[in-house]
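Asker: 3D, please:
(one chain, ligands or ions: 1)
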Amino acid sequence: MRYSVWSLIRQGLVGNRGWPEAWRDAAPKDRYDVIVIGGGGHGLATAYYLAALHGITKVAVLEKGWIGGGNTGRNTTIVRSNYLLPGNEPFYEHSLRLWEGLSAELDFNVMFSQRGVLNLCHSDAQRDAFARRGNAMLMMGADAELLDREAVRAMVPGLDFANARFPITGGLLQRRAGTARHDAVVWGYARAASALGVDIVQNCEVTGMVRDGDRISAVETTRGTIRVDKVGLAVAGNSSRLAAMAGLRLPIESHVLQAFVSEGLKPWLDTVVTFGAGHFYVSQSDKGGLVFGGDIDGYNSYAQRGNLPTVEHVAAGAVALFPALGRVRILRSWGGLVDMTMDGSPIIDRLPLANLYLNGGWCYGGFKATPASGWCFAYTLARDEPHELNAAYRLDRFATGHLIDERGAGPQPGWH
Ligand SMILES: Cc1cc2nc3c(=O)[nH]c(=O)nc-3n(C[C@H](O)[C@H](O)[C@H](O)COP(=O)(O)OP(=O)(O)OC[C@H]3O[C@@H](n4cnc5c(N)ncnc54)[C@H](O)[C@@H]3O)c2cc1C
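Answerer: Coordinates of the predicted model:
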C-alpha cells in the first residue's frame, strides 16, 4: 500500500483495520545470493539498494534482536555533511542529498528536519580552521556559512557569551543539516526492501561462519545454517566479533557512547549546536526533550550501558555552554556500542576473503551516513569493487598509511 492522504482517509473510514504490515517478518530460507548481517539502518539500506538499484533480491537481512535495536535506535540523530577532507566530504554530501529525498523515495516519513547544525568556535585559530573547512565544503558542492559572534547570538541567545574560559567567537553553520527520526529510517528502509522481496529475519543471531578455503559458504545462526554467495557485515560495535568468526582481526575497537534526553521543555532550541571547546552536541526533539551527548566512555566494552563519570563530563559541557540548563533534569540515558577505527573514518570494503564484505568503523557518526553507506555498500557487494565515493574507505589504508584523519587527532579511538 502506498502511504498517502487518500490511504489515511480510506483507513479512517474503516476504523483503521485495513493497514497491512509494514514489512514481512520472514523465516530464513536455505540459501541467499547475499546475506547482510545486522538489521540497523546500514544493513537495511544496503538490502534496499541491492534490490532497488542492482536487481539483487535474493537477499536476507539477519538481525539478532529487533531491527533498529542497535545504534540506529540509540543515537542523537545529527545529520550533516560538514567535512574537510576529499575522502569524506563527497560521500557525506551524497548522503545528505539522499536524505533530502528519502521520505519521498521510501514513501515513509523519516522526519528529516533541516534545522541546521552550528559548530561553535572559541578562538581566532579555530575560526580560521572553520573558514578553511567551510571553503572546502563549498568547493565540494555543500553549503556552509561562517557566522560572527553577533549572528550566533541572534540565532541561539541562550549560549553563555560572557564565559571567559570558552568565549564564543563565531560558528560554522550548515543550514541543510539537521536531524531525522532514528527508527523511522529503519522502518522506512525495511518496508521498502521487503516490498522488493528482501527477507528481514529478526531474532536470528549469527553465531558462526562456515569457511570453504578463502570463501564463506554458509552462516550459522540461532535459526539454522544458511548457505550464501556473498556476506556483508553491518553490525557496528560487533564488527570485530563477526570478523573473528571468519578468522579475521580488524583495526576496530568497540566503545560505549551514551546519549541523554532531558525532561520536556517549551520550544527553546531550533537548531543543532556543538561545542567547539569540548565534546558536547545538543538538539531539541519534537516532543520538547533536549537530546544530547558527548565523548565515548573511553574503555573497550560490548555492554550497551555507560558510566557516571561520562554523564558528569557531558553535563559539565552542557552547563558551560548553556548555564540555564543547570536546573534541567535528565530524564533518560542509554549507551550504544560504537565501532571506533584508528583514524576515526569508516571502512566500506571487501575483507581479505573472496566473498566477505565490511561496512563498519562508523565511530561517532554513522547515522548521517546511513543512506550513502547502504548505497555504496550495495554497489561494492554487487560489483565487487568500490564506488568512487567509498574508494577511500579501504581496509588496507591502515597498512599503506593512507589514513583519513578528519580531526587530525592521531591513531587513538579516544581522540576522535
Ligand atoms: C549514543 C550514540 C549517539 C550517536 N549519535 C550520532 C549522531 O548524532 N549522528 C550520527 O551520524 N551518528 C551517531 N551515532 C552513530 C550511529 O548511531 C551509528 O554509526 C549508526 O547508527 C550505525 O548503524 P548500523 O546500522 O551500522 O548499526 P546498528 O544500528 O547498531 O545495527 C547493527 C545491528 O547488528 C545487529 N547484530 C550484531 N551482532 C549480530 C549478530 N551476531 N547476528 C545478527 N545481528 C547482529 C545488532 O543487534 C544491531 O541491530 C551515535 C551512536 C550512539 C551509540
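Asker: Phi, psi for the closest residue to the ligand within the stretch 201-350 of the chain please.
Answerer: Minimum separation of the stretch 201-350 of the chain from the ligand (Cβ to the nearest ligand atom) falls at Gly336, amounting to 2.2 Å. The C-beta positions use only the backbone N, C-alpha and C, and glycine is treated the same way. Note on Gly336: its backbone torsions stand at phi -120, psi 170 [degrees, to the nearest 10].
Asker: Can you name the residues bridging to it?
Answerer: Leu257 (DSSP bridges).
Asker: And the pLDDT at it?
Answerer: You'll see Gly336 listed with a pLDDT of 97.
Asker: Centre of the chain to stretch 53-62, how far?
Answerer: 21 Å (Cα atoms, centre = their mean, to the nearest Å).
Asker: Could you give me the buried positions within it?
Answerer: Neighbour-count burial for stretch 53-62 flags Ile56, Thr57, Lys58, Val59, Ala60, Val61, Leu62 (criterion: 16 or more other Cβ atoms under 10 Å).
Asker: Please list which of the residues you listed also come close to the ligand.
Answerer: Leu62 (Cβ under 6 Å from any ligand atom).
Asker: Filter the buried residues of stretch 53-62 down to just the ones in strands.
Answerer: Val59, Ala60, Val61, Leu62 (DSSP state E).
Asker: Just give me the closest of those residues to the ligand.
Answerer: Nearest to the ligand out of these is Leu62 (Cβ to the nearest ligand atom; 5.0 Å).
Asker: That closest one is in contact with Val34, isn't it?
Answerer: No - using Cβ atoms under 8 Å, Leu62 makes no contact with Val34, being 11.1 Å away.
Asker: In space, what's closest to Ile130 - neighbours in sequence excluded?
Answerer: Heads up, residue 130 is Phe, not Ile. Nearest residue to Phe130 in three dimensions, chain neighbours excluded: Leu172, at 4.1 Å (Cβ to Cβ, 6 or more residues apart in numbering).
Asker: no, scratch that, I was asking about Val228
Answerer: Ile35 (4.6 Å).
Asker: pretty sure the one you found is in contact with Val219, am I right?
Answerer: Yes - between Ile35 and Val219 there is a contact under Cβ under 8 Å: 5.9 Å.
Asker: Pull the CA coordinates from the longest helix seen in the chain and hand them back as PDB.
Answerer: Across the chain, the longest stretch assigned as helix under DSSP state H is helix 89-106. Only the C-alpha atoms of helix 89-106 are listed here, as PDB (Å, rounded to 0.1, in the frame of the first residue of the first chain):
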ATOM      1  CA  GLU A  89      33.100  15.300   2.000                       C
ATOM      2  CA  PRO A  90      31.700  13.900  -1.300                       C
ATOM      3  CA  PHE A  91      30.500  10.800   0.500                       C
ATOM      4  CA  TYR A  92      28.700  12.700   3.200                       C
ATOM      5  CA  GLU A  93      27.300  15.200   0.800                       C
ATOM      6  CA  HIS A  94      25.900  12.400  -1.300                       C
ATOM      7  CA  SER A  95      24.300  11.100   1.900                       C
ATOM      8  CA  LEU A  96      22.800  14.400   2.700                       C
ATOM      9  CA  ARG A  97      21.300  14.600  -0.800                       C
ATOM     10  CA  LEU A  98      19.800  11.100  -0.400                       C
ATOM     11  CA  TRP A  99      18.400  12.200   3.000                       C
ATOM     12  CA  GLU A 100      16.700  15.200   1.200                       C
ATOM     13  CA  GLY A 101      14.700  12.800  -1.000                       C
ATOM     14  CA  LEU A 102      14.400   9.900   1.400                       C
ATOM     15  CA  SER A 103      10.900  10.300   2.700                       C
ATOM     16  CA  ALA A 104       9.600  10.500  -0.900                       C
ATOM     17  CA  GLU A 105      11.700   7.700  -2.200                       C
ATOM     18  CA  LEU A 106      10.700   5.300   0.600                       C
END
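Asker: After it, which helix or strand is next?
Answerer: strand 117-121 (DSSP states H and E).
Asker: which secondary structure elements does that following strand contact?
Answerer: The helices and strands touching strand 117-121, judged by 3 or more Cβ pairs under 8 Å, 6 or more residues apart in numbering; DSSP states H and E, are helix 124-139, helix 149-155, strand 170-174, strand 272-274.
Asker: Strand partners (parallel or antiparallel) of it?
Answerer: strand 170-174 (antiparallel), strand 272-274 (parallel).
Asker: about what we covered before: export the helix or strand in which the residue nearest to Val228 is found as PDB, just CAs?
Answerer: Using DSSP H and E, Ile35 sits in strand 31-37. C-alpha atoms of strand 31-37 as PDB (Å, rounded to 0.1, in the frame of the first residue of the first chain):
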ATOM      1  CA  ARG A  31      20.200 -20.100   0.600                       C
ATOM      2  CA  TYR A  32      20.600 -16.500  -0.400                       C
ATOM      3  CA  ASP A  33      22.600 -14.600  -3.000                       C
ATOM      4  CA  VAL A  34      23.500 -12.000  -0.400                       C
ATOM      5  CA  ILE A  35      23.200 -12.100   3.400                       C
ATOM      6  CA  VAL A  36      23.600  -8.800   5.200                       C
ATOM      7  CA  ILE A  37      24.200  -9.300   8.900                       C
END
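Asker: All good on my end, thank you.
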